[in-house]
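*Asks:* Next come a sequence and a model predicted from it.
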Amino acid sequence: MGKQRFSFGGCAPKRTRGVDMVLYVMITVLTVSAACFVNRAAAGKHRGFMPENRQEALNRILLAGIFMTLFAVSALRIGIGNDYWTYRYNFLHILSGDTKVAYEIGFQWLVRALQTLFGYDNYRVVFAFMAFVTCALFLKGLYDNSDWFAMSFFLFMANGFYFMSFTNVRYYFAISVCLYAMKYLFQKDFVRFVLWILLASLVHKSVLLTIPVFLAAFYLKWNRKTLWLIPAVCGILALGKEGVRRLVFFFYPYYEGDLILDVESVSYVNIAKCLAVLIFALLFYKRAIQGNPRAETLFNLNLFSLIIYSFGFYIPETSRVCYYMAAGNVFLIPVILRSMQNRKQRAFFTGAVAVCYAAYFMVFLVRSRASTIQLLPYLTWLFD
């Protein structure tokens, strides 16, 4: 099957990298610009079929446009992501049953159903379906849980969460469910929160760790009686390496000894990001976080991810474990910015956050050509 390189005007091969980056930058600028006109507060809390006012109608139009853009780019890709073709071949094994595939049972059922319905080896439909559901849950989660949708959406795009969903499709579906299900955690509707996580675990069982971790983050309050927990957990992770690894391999036995997955790697970039957010949050802790259960939960999740990145770096796929927690920063940072009553102060810190994350996004794009990521160059089956 042929693969068509996405390009603008038949640019020369030597300019491919720049063109590919331009495509991703254009998508980000376009969708973030649209998000700036989404105003949840002005739309009210009307949930009927017909919009209650102009702002609600505008919100729906803009959100639909953002969704269609993200969904189309994801669904039309081919060969994008370091595991794209691995997924395709595993789809065949799922249908034939000749080889055991280490995918959760829910995802295997989905693959069988879609390829039974749309035809043998129609792997594009599977990727398109996952793109549809993942993008929808990401957007719904951002809209429902954010105090400032435009900033949360910008942070979501700049962190690379959307583009990374082109690879590890099961895992990023699980993250999208977490972002959506957070609203039930904040509402203390724990039954629905757990049910959504259990649903996601049928696609990627690692998401189950969010049940105890998110509940701990929700109920943990920092004071003189609880601060000892921080050095205690750091010590357990630092000194209990063998025990922690045995626990991980109990759930993921095929990780043990894997030359790619079972490696020790300190993610200095992610440590720096989480540390920067922690310092930023501490500067405005009393004003923006203390006494706000939602903000306290998000603060704790960022702290948990920082500790694991720093002292649990030997855990296979550490970033996957921590992203469940660190993804909450797309909500935490807007909470802090919104708490600033001084306009000049808010403008300064908003600009600083925007510049820092824009710089991170550009670094992310540069690294997206790496063989371990393979998000660039962008390829599509549209022109086959």
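*Replies:* Sure thing, it's come through. As the structure is a prediction and not an experimental result, all values here were calculated from the model. Numbering: from 1, shown residues only.

*Asks:* Can you tell me the closest non-neighbouring residue to residue 324?
*Replies:* Leaving aside its sequence neighbours, residue 324 sits nearest to residue 210 (C-beta to C-beta, 6 or more residues apart in numbering; 5.1 Å). Where you see a C-beta, it was placed from the backbone N, CA and C, and this is true even at glycine.

*Asks:* I figured the one you found hits residue 178, correct?
*Replies:* Yes - Residue 210 lies in contact with residue 178 (C-beta atoms under 8 Å); the separation is 5.7 Å.

*Asks:* which residues are common contacts for those two?
*Replies:* Residues touching both residue 210 and residue 178 by C-beta atoms under 8 Å, 6 or more residues apart in numbering: 197, 324.

*Asks:* The two: which has the busier surroundings?
*Replies:* residue 210 (27 against 24; other C-beta atoms under 10 Å).

*Asks:* The more buried one: which element?
*Replies:* Element membership of residue 210, judged by DSSP states H and E, is helix 210-219.

*Asks:* and after that helix, which helix or strand comes next?
*Replies:* helix 229-239.

*Asks:* Let me know the angle separating that next one from helix 210-219.
*Replies:* Angle, helix 229-239 to helix 210-219, by axes from the mean of the first three to the mean of the last three C-alpha atoms, to 10 degrees: 150 degrees.

*Asks:* tell me the mean pLDDT for helix 229-239?
*Replies:* Per-residue pLDDT values over helix 229-239 give a mean of 90.

*Asks:* tell me the angle of the helix or strand immediately after it in the chain relative to helix 229-239?
*Replies:* Following helix 229-239 in sequence order, the next helix or strand is helix 241-251 (DSSP H and E). Counting by the same axes, to 10 degrees, helix 241-251 points 80 degrees away from the direction of helix 229-239.

*Asks:* Which residues belonging to helix 241-251 are considered buried?
*Replies:* Judged by neighbour count using 16 or more other C-beta atoms under 10 Å, the buried positions of helix 241-251 are 241, 244-245, 248.

*Asks:* Could you do stretch 184-201 as well?
*Replies:* 184-186, 193-194, 196-197, 200-201.

*Asks:* which pair in those residues spans the largest distance?
*Replies:* Across the buried residues of stretch 184-201, no pair lies farther apart than 186 and 201, at 20.8 Å, counting by C-beta to C-beta.

*Asks:* Please list the residues outside stretch 266-274 that contact it.
*Replies:* 302-303, 305-306, 309-310, 313, 318-319, 322, 326, 329, 360.

*Asks:* Out of those, which is nearest to residue 216?
*Replies:* residue 303 (11.0 Å).

*Asks:* mind listing what that closest one touches?
*Replies:* Contacts of residue 303 (C-beta under 8 Å, 6+ apart): 230, 274, 278.

*Asks:* quick one: it from residue 247, how far?
*Replies:* When distance is defined by C-beta to C-beta, to the nearest Å, residue 303 is 21 Å away from residue 247.

*Asks:* same deal with residue 286?
*Replies:* For residue 286, the distance to residue 247 - C-beta to C-beta - is 37 Å.

*Asks:* do the same with residue 361
*Replies:* For residue 361, the distance to residue 247 - C-beta to C-beta - is 35 Å.

*Asks:* What about the contacts of residue 303, which one has the most neighbours?
*Replies:* residue 274 (25 neighbours).

*Asks:* Skipping adjacent residues, who's closest to it in space?
*Replies:* Using C-beta to C-beta, 6+ apart, the closest residue to residue 274 is residue 306 (3.9 Å).

*Asks:* Tell me, how many residues neighbour that neighbour?
*Replies:* 22.

*Asks:* Kindly report the same for the one 3 residues further on.
*Replies:* By the other C-beta under 10 Å criterion, the neighbourhood of residue 309 contains 26 residues.

*Asks:* now do residue 108
*Replies:* Residue 108 has 18 nearby residues by other C-beta under 10 Å.

*Asks:* Then it would be within a helix, right?
*Replies:* Yes - assessed by DSSP: H, G, I helix; E, B strand; the rest coil, residue 108 belongs to a helix.

*Asks:* which SSE is the closest residue to it other than its chain neighbours in?
*Replies:* The shortest distance from residue 108 to any non-neighbouring residue, by C-beta to C-beta, 6+ apart, is to residue 94 (5.2 Å). For residue 94, the host element (DSSP H and E) is helix 84-96.

*Asks:* Buried residues in stretch 100-116, which are they?
*Replies:* 101, 103-104, 106-108, 110-111, 114-115.
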